[in-house]
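# quick one, structure for this:
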Amino acid sequence: MRLAARPVGDVKPEDWQHCSETVEDPGPGQFAGRTLAISLDPAMRGWLDDRPSYLPPVGIGDVMRAGTIIEVTASNHPGFQPGDHVTGVFGVQEHVVSDGKGALKVDTSLAPASTYLGALGMPGMTAYFGLLDVGALKDGETVVVSGAAGAVGTIAGQIAKARGCRVVGIAGGPEKCAMLTGELGFDAAIDYRAEDVRKALREHAPDGIDVYFDNVGGDILDAALTRLAMHARVVICGAISQYNNTTPPAGPSNYLSLLVRRARMEGFVVFDYAQRYAQAAQEISELIGAGRIKVKEHVVKGSVDDFPETLQMLFRGENVGKLVLELV
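Numbers count the residues shown, from 1 in each chain. Presented below is the predicted three-dimensional model:
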């Protein structure tokens, strides 16, 4: 799947080019593999825009960037053998040839392939480092997570619960909210589609928010800023409500709460913590094993041709937990 045009607003079918090409054999120091599953992430929308960011934009005519898990089918690389399962940023394509840079072998007998793209992949790492390092979480604090039913939000909330925190999730729709409190153990959930978010935050965080983990931006960020506790930390992970805007996003109007409450707001990019991924994966694995983190995945079975429509599920709020396209 190649990028055919820069999207304006929502990503459209004509922004993609479906290509069939000859599969190359691996050269010296390379391995080849077939793609088993493709990760779909809100950050992908930003990668399509030609503007400065933490990664270069996907080029017109280039294979769409994506984290995937593959099975090695042939290898001239000493570190990878046929039958190995490997994660990496291999892109939206059925077959891969790689020199192994950035590739990591994983054991699918310990966890499903999809989990290495979710709780044990980039979303899990994002939740872990965003909450514990950027958010400097302390046991027993009050944590509010927006986009709480998504890949990052579900893990962030459960890590906070494991640290003895009061956790309030913000999500869209009664089903997602019921899942947060009934299945994942959140203390409360706010349906932003049906409730007054500011009023609900006053009810569910009466003593203020110590850590606000923001995946949404926009009006919900503004609402959270009105409820900060003293020395609160606002973690800017993403802003999915703004990604398809055709005009520049408005800044938060309630930012002076940071001054009044002596709080801080900080953005981060998970790739900065790559040297510590093993630490995070180990702790998350232990929490999963102990039943303190329940993995939520939304797996769509299909082909590479289903990528454009599956991607749109993120921006329509249709997924619960980690969205993965499993190739069948």
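
# hmm, Phe186 is touching Ala171, no?
No - using CB atoms under 8 Å, Phe186 is not in contact with Ala171, being 9.4 Å away. Yep, even glycine has a C-beta here, placed from its N, CA and C like the rest.

# mutual contacts of those two, please.
Residues touching both Phe186 and Ala171 by CB atoms under 8 Å, 6 or more residues apart in numbering: 148, 180.

# most centrally placed residue in the protein?
Geometric centre of the chain, nearest residue: Pro123, 4.1 Å, by CA atoms, centre = their mean.

# that residue - nearest residue in space that isn't next to it in sequence?
Ala151 (3.8 Å; CB to CB, 6 or more residues apart in numbering).

# residues near that neighbour, how many?
Ala151 has 32 neighbours, counted by other CB atoms under 10 Å.

# repeat that for the one 10 residues further on.
Around Lys161 sit 19 other residues, with neighbours defined as other CB under 10 Å.

# that one is in what secondary structure piece?
Using DSSP states H and E, Lys161 sits in helix 151-162.

# likewise for Ala200?
Using DSSP H and E, Ala200 falls within helix 197-204.

# now that helix: buried residues?
For helix 197-204, burial by neighbour count (16 or more other CB atoms under 10 Å) applies to 197-198, 200-201, 204.

# about what we covered before: does the residue nearest to Pro123 touch Leu314 like I think?
No - between Ala151 and Leu314 there is no contact under CB under 8 Å: 9.2 Å.

# and for these two, which residues touch both?
Counting by CB under 8 Å, 6+ apart, the residues touching both Ala151 and Leu314 are 41, 323.

# for the stretch 151-300 of the chain, what spans make up the helices?
Ranges of helices within the stretch 151-300 of the chain are 151-162, 174-182, 197-204, 218-225, 256-260, 277-289, based on DSSP state H, counting those that start in this stretch.

# kindly reformat those as CSV containing distance to Asn76 and mean pLDDT.
Below are the helices of the stretch 151-300 of the chain laid out as CSV (distance: least, CB to CB, whole Å; pLDDT from 0 to 100):
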stretch, distance to Asn76, mean pLDDT
helix 151-162, 35, 98
helix 174-182, 46, 98
helix 197-204, 55, 98
helix 218-225, 49, 96
helix 256-260, 54, 97
helix 277-289, 27, 95
